[in-house]
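Trainee: just coords:
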């Protein structure tokens, strides 16, 4: 497939030099570079939230006994407003 790309002049010169040195067409050198880059896993996020969990992860969930409306009311402190 044909496409047009704007490539940094120095990078293109290096790719042409590599193609000449290896006796391959420029297209093959560019395709090899793309394949190598795309074979790597995508970089993850640089920032990770710190683990601030508290309590015993094996303990029962203390909120499990509440329904969603009860939790919502507790979050918004609606029990004292009624």
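Mentor: Here it is on my side, so go on. Every value quoted in this text rests on a predicted model; they were computed, and no experiment measured them.

Trainee: And stretch 31-46, what's buried?
Mentor: By 16 or more other C-beta atoms under 10 Å, stretch 31-46 has no buried positions at all. For every residue, glycine as well, the C-beta is placed using N, CA and C.

Trainee: Straight-line length of that stretch, end to end?
Mentor: Looking at stretch 31-46, the gap from its leading to its trailing residue is 28 Å under the measure C-alpha to C-alpha, to the nearest Å.

Trainee: which residues touch that stretch?
Mentor: Applying C-beta atoms under 8 Å, 6 or more residues apart in numbering, the external contacts of stretch 31-46 come out as residue 15.

Trainee: Any regions of the protein where pLDDT drops low?
Mentor: Along the chain, the parts satisfying pLDDT under 70 run over 79-82.

Trainee: which residues in it form helices?
Mentor: Here the chain has its helices, by DSSP state H, at 9-22, 26-39, 68-75.

Trainee: So for residue 55, which of the ones you listed sits nearest?
Mentor: When those are compared by C-beta to C-beta, helix 68-75 sits nearest residue 55, at 17.6 Å.

Trainee: So which elements touch the closest one?
Mentor: In terms of contacts (3 or more C-beta pairs under 8 Å, 6 or more residues apart in numbering; DSSP states H and E), helix 68-75 is packed against no helix or strand at all.

Trainee: Could I get the buried residue list for that helix?
Mentor: Under the neighbour-count criterion of 16+ other C-beta under 10 Å, helix 68-75 has residue 73 buried.
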